[in-house]
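here is a sequence with its predicted model. Questions after.
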Amino acid sequence: MKVLALLGSPRPEGNTDLLLREVIRGIKTTKSEVRTYNLNLMNIKPCQDCGGCDKTGSCIISDDMSEIYQEIRRVDRVILASPIFFFSLSAQAKTMIDRCQSFWCEKYLLKKAIPGGKYGRKGLLIMVGGMKKEIGLECGDATAKAFFRTISVPEHAVLSFLGVDAKGAITEHPTALREAFEAGKQLVSV
């Protein structure tokens, strides 16, 4: 099984990064292939709402997003990992999501959804934030749901933690890393 992991955190060794690593460790117990992209290190320009993808389903901007487009088409599972900033996903994650407008055009205007493949397509959303209010998770999940549906991932699980702010503090959470490991295994179970 092929898995795409999209890391939307700008903080190396931060809570989102550590959770994603545990999810991937769980996935690798099943011998699945995982390819991870650190969105913060990539050259991805924001969507220009230029209409260039309306008739073709292909973005006209040439940058690192081209590689992510190819990966989205070839995988069975997609993981989106993001900290919660101002009640939403990070700018890195949101910029990548906005650039998936070309998939929206392809699916809804051109009626060419990405095929489900042998295993079907599923997703996992990982969110962690310092606040204690659920609204950040609700807003982040709403955005992720639109992303997943647009790239023909009809269902996704959510792994989220609130009240975790300091770098690496997720390691002090009593169950987080274990939950992440198990979520990885669950994601690739058929």
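Okay, I see it.

and K112, what is it in contact with?
Applying Cβ atoms under 8 Å, 6 or more residues apart in numbering to K112 gives the contacts 57, 106. Bear in mind the C-beta positions are built from the backbone N, C-alpha and C, glycine included.

check A144 too.
80, 89, 97, 123, 125, 156, 158.

how about the last one, secondary structure?
Going back to what we said before, that points to V158. strand (DSSP: H, G, I helix; E, B strand; the rest coil).

around the closest residue in space to it that isn't next to it in sequence, count how many other residues there are.
Spatial nearest neighbour of V158, excluding adjacent residues (Cβ to Cβ, 6 or more residues apart in numbering): L125 at 4.9 Å. L125: 24 surrounding residues under other Cβ atoms under 10 Å.

show me the helices in this structure, by range?
Assigned by DSSP state H, the chain shows helices spanning 15-28, 65-74, 91-98, 101-104, 135-150, 176-187.

okay, those helices, which one's buried deepest?
helix 15-28 (a mean of 22; mean count of other Cβ atoms under 10 Å).

for it, C-alpha coordinates in CSV please.
Output in CSV follows, covering the C-alpha atoms of helix 15-28 (Å, rounded to 0.1, in the frame of the first residue of the first chain):
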residue,chain,number,x,y,z
ASN,A,15,4.6,18.1,18.4
THR,A,16,3.1,17.6,14.9
ASP,A,17,6.4,16.2,13.6
LEU,A,18,6.7,13.8,16.5
LEU,A,19,3.1,12.6,16.1
LEU,A,20,3.6,12.1,12.4
ARG,A,21,6.8,10.1,12.9
GLU,A,22,4.9,7.7,15.3
VAL,A,23,2.1,7.3,12.7
ILE,A,24,4.7,6.4,10.1
ARG,A,25,6.3,4.0,12.5
GLY,A,26,3.0,2.2,12.9
ILE,A,27,2.5,2.1,9.1
LYS,A,28,5.9,0.6,8.5
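
now that helix: mean pLDDT?
For helix 15-28, the mean per-residue pLDDT is 98.

so how far is that helix off the chain centroid?
13 Å (Cα atoms, centre = their mean, to the nearest Å).

just want the angle from it to helix 91-98.
60 degrees (axes from the mean of the first three to the mean of the last three Cα atoms, to 10 degrees).

I'd like to know which elements helix 15-28 is packed against.
If you count contacts as 3 or more Cβ pairs under 8 Å, 6 or more residues apart in numbering; DSSP states H and E, helix 15-28 packs onto strand 2-7, strand 33-38, strand 77-85, strand 122-129, strand 155-162, helix 176-187.
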